[in-house]
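>>> Mind folding the following:
(2 chains)
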Amino acid sequence: MTATESRVADAVTRAPGWLARLGGSGGAGRRPRGDWPWAYLMIAPTGLGLAVFYLWPVVQTVYFSFTEWGAFGGHTWVGFANYTTLFQDPAVGQALRNTFVYSGLVLLGVPLSIVLAVLLNTPKLRGVSVYRTLYFLPVVTMPAAVAMLWRWIYNGDYGLLNYGLSLFGVDGPYWVSDGRVVLYAMAVVGVWTLIGYNAVIFLAGLQGIPQHYYEAAAIDGAGRVRQFFSITLPLLSPSIFFVTVLTVIGSLQMFDLIYMMMDRGNPALTDNRTIVYLFYEAAFVDNRRGYAACIAVVLLAVILTLTVVQFRLQKKWVHYE
Amino acid sequence: MSRSRLWPVHLVLAIGAAAMVAPFFWEFLTSVQSFGESTRIPPTFVPSWEWSNYGRVFDSLPFGRQFLNTVLMTAGRTLAQLVFCALAGYAFARLRFPGRGALFVVFLSVLMVPSQLFLIPQYQIVSSLGWLNTLAALIVPGMFSAFGTFLLRQFFLGLPNDIEEAARIDGANPLRIFWHVMLPLARPGLLALGILTVLWSWNDLMWPLVVNTSPESMTLSAGLATLQGEHLTEYPVLMAGSLMATLPVIVIFVVAQKHLIQGIAFTGSK
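You can find the predicted model right below:
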C-alpha cells in the first residue's frame, strides 16, 4: 500500500537462493495430494482480494494510459497520444530530474546507517536498545506529521534552523519556498527518517558475521579500520545491496513530504515536483486520469529498469558466502 | 574492548540520538507556546504552557472522529491481513496443490509494482460501489497483502514439522491443524506483521486523502493536511495536532518494538 511497504517488499526478491526454492521445499513434499481443496480455500480470500484490488488494476492502468478522460467520466482510446505528450512535457522531465536528485541525496544517508549499525554492534556496549528506540522514533512517526514538524524548523522567519545559523552569522534561506534549496531540505528529512530503519537491517547483517574472522584478522595484525574495510564491508555487501535497492525504490515514490511541506501556492512548487506528485495532481486534482496512468506506467518502467541495473551491477561488488 | 574505551562510541551515538530526538522536543515545546511566543526571535525555550492549543485542534477539526476513523481503519486492515495472510501463507508453505509455484509468483509480482499503478482503478471500484467517504473505502483494499502472505509463508517454513505430522495422523484436516496447532506457534510472525501493518495503515496518506474528502470521514494524516491549510502560520496549534496524531503509534512502538525490529530484520535476512 505505502511506499514503505513496497520498499520492504520489493527487496525480498533479492535473494537468488529463495527464488530457486519457490517450487518445492518446506516439507510440503510429504503432504498428501488430497490437501488441494483446502489449500485453494485458504488462499482464496487474499487471492481474490489481490486479483480485484491489485492485479486487475495494473492491467487497467496500462489500458488507461492509452485513453483520454472526459469531464464526466467516460474515456476514449487515443493510442500513444499520452506517451507522446509525456515525453515532450517539460514538467515530466523536470519532475524526473527532481526525483533522481532527491533519491541520490537520500542514498547518501546509507553510509551513515552503516556507521550507526557498526557503532551499535560494538562489543560490550550498554544501552543499545535505548539508542535503537531513539533512532527509530522518526521511522515510526506519521510522515505527514514529520513533514509539518520540519516545515516549522525550516521556517524562514521564525524557524529553529535559521535561528541556529544566525548565531554563526549566517542568514539562512527560506528552506521550503526557495527553489534552489528545497529539494536538499526535503532530502535531509528523508535521510533523517531512514537512518534508524536502515541501521536495523545492517545490524542484523553485522550480527551474522562470525566473530572469529575478526579474531583471525587481529592476530594477523589488522587494525580496526583495516578490519572494517576487509571484513565488515565485503560481508555486509548483501545487506548494503538490499538497503540500496529499497532506498532507491522508496525515494523514487516520494510524495508525503512534498505534499505536506509545500502548499499549492508555494512559488517553488512547480519546479520541484516529484514524479509521484505529478501523478497525484494529474489523477486527482486535474482529472486527467489517462495521462496520470501514463505517468504511473513510466514510473514503473523507471523503477524496474533501475532495479534490473542494480541486480546486474551487484555481481561486481556483492559477496554472497 | 575495555569499558573505558567505549566513551567515544557513546559520544557519537548520543550526538546522533540528540539529532533524532531534538525535533520532537521542539515540537512539544512549540505546542505549548502562545502564538506570540512562537513568532519571537530568539525562540522561546521556556513556554507559557498554553495547553489550550490542544483544545483548538478540536475546534478546527473533528479530531475525535478522525482519530476514531484512523483507529478503525488500522484495526480493520490489520485484523483482516493477519487472518487472510496467515491462511494463505500457511497454504503456500505447508500444503501441496497444483499451480502452487505459479500462484506464488503471481502474488509476488504485486510486490514489485509501485502503488500508483493500483490507485486509479481502486478509486474507480470504491467510487462505483458508493464507498467514497466511508470506512469501507479506507479498509477494504488494505485487507489483502502480498507482502504479509510472503512474510508469514517464510515464517511457517521455519516451523518444525513433527507436531503437525502428529495432528495429521490423528486425522485433523488442514484448517484445524492450521488453527489449533500452527497459528499459536506462529505468534512471533503474526506480531511482526501486525505491528508493521498498524504502522503503515496509521501513517498512510495518499489513499485516505483521495477517497475520503469530507472532514467527518478523514483519517488523521489527511486531517493534518486540512489543519495546515487552516492554520498556516499558527505553528503551536499545528504542532499540538501532529503530536496528538503521532502519539498512539509511538506508544505502540515503544511497547512492541521487539517485534517490529524482528520483522524488519527478518525481511532483510531473506
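>>> for the stretch 51-200 of chain A, what spans make up the helices?
With DSSP state H, counting those that start in this stretch, the ranges of helices along the stretch 51-200 of chain A come out as A:56-64, A:81-88, A:90-107, A:109-120, A:128-140, A:143-153, A:160-167, A:182-207.
>>> now stretch A:81-98, how far from the centre of its chain.
Stretch A:81-98 has its C-alpha centroid displaced from the chain centroid by 22 Å (CA atoms, centre = their mean, to the nearest Å).
>>> biggest helix in chain B by residues?
In chain B, with assignment by DSSP state H, the single longest helix is helix B:235-268.
>>> Does at least one residue of that helix sit close to chain A?
Yes - residues of helix B:235-268 contacting chain A under CB under 8 Å from any CB of the partner chain: B:235, B:238-239, B:242-243, B:245-246, B:249-250, B:253-254, B:257, B:260-261, B:264-265, B:267-268. For glycine as for every other residue, the C-beta is placed from the backbone atoms N, C-alpha and C.
>>> Could you pull up phi and psi at B:S115?
Note on B:S115: backbone dihedrals following degrees, to the nearest 10 are phi -60, psi -20.
>>> mind checking pLDDT for it?
Note for B:S115: predicted pLDDT of 93.
>>> Same question for the one 3 residues further on.
Listed pLDDT for B:F118 reads 96.
>>> how near is it to A:S113?
For B:F118, the distance to A:S113 equals 30 Å [CB to CB, to the nearest Å].
>>> try A:A204
Applying CB to CB, the value for A:A204 to A:S113 is 12 Å.
>>> These two: which is more packed in?
A direct count of neighbours by other CB atoms under 10 Å in any protein chain shown for A:A204 and A:S113 places A:S113 higher, at 25 against 19.
>>> where in chain B is pLDDT low?
Across chain B, the ranges flagged by pLDDT under 70 are B:1-4, B:268-270.
>>> Where does it get nearest to chain A, which residue?
B:F144 (3.0 Å; CB to the nearest CB).
>>> my read: that residue touches A:A44, true?
No - using CB atoms under 8 Å, B:F144 is not in contact with A:A44; the gap is 11.1 Å.
>>> Compare the two and say which one has the larger neighbour count.
Using other CB under 10 Å, the more surrounded residue of B:F144 and A:A44 is B:F144, with 26 against 14.
>>> OK, contacts around the more buried one?
Going by CB atoms under 8 Å, 6 or more residues apart in numbering or on different chains, B:F144 touches A:P45, A:T46, A:G49, A:L50, A:F53, A:Y54, B:A80, B:Q81, B:F84.
>>> Which parts of chain B are strands?
Using DSSP state E, no strands are assigned anywhere in chain B.
>>> In contact with A:R180, which residues?
Contacts for A:R180 (CB under 8 Å, 6+ apart) come out as A:P173.
>>> Count the residues that sit near A:R97.
A:R97 has 13 nearby residues by other CB under 10 Å.
>>> ignore the last one, B:W7
Per other CB under 10 Å, the neighbour tally for B:W7 reads 10.
>>> repeat for the one 3 residues further on
A total of 16 residues lie near B:H10 under the criterion other CB under 10 Å.
>>> likewise the one 5 residues further on?
Counted with other CB under 10 Å, the neighbours of B:I15 add up to 9.
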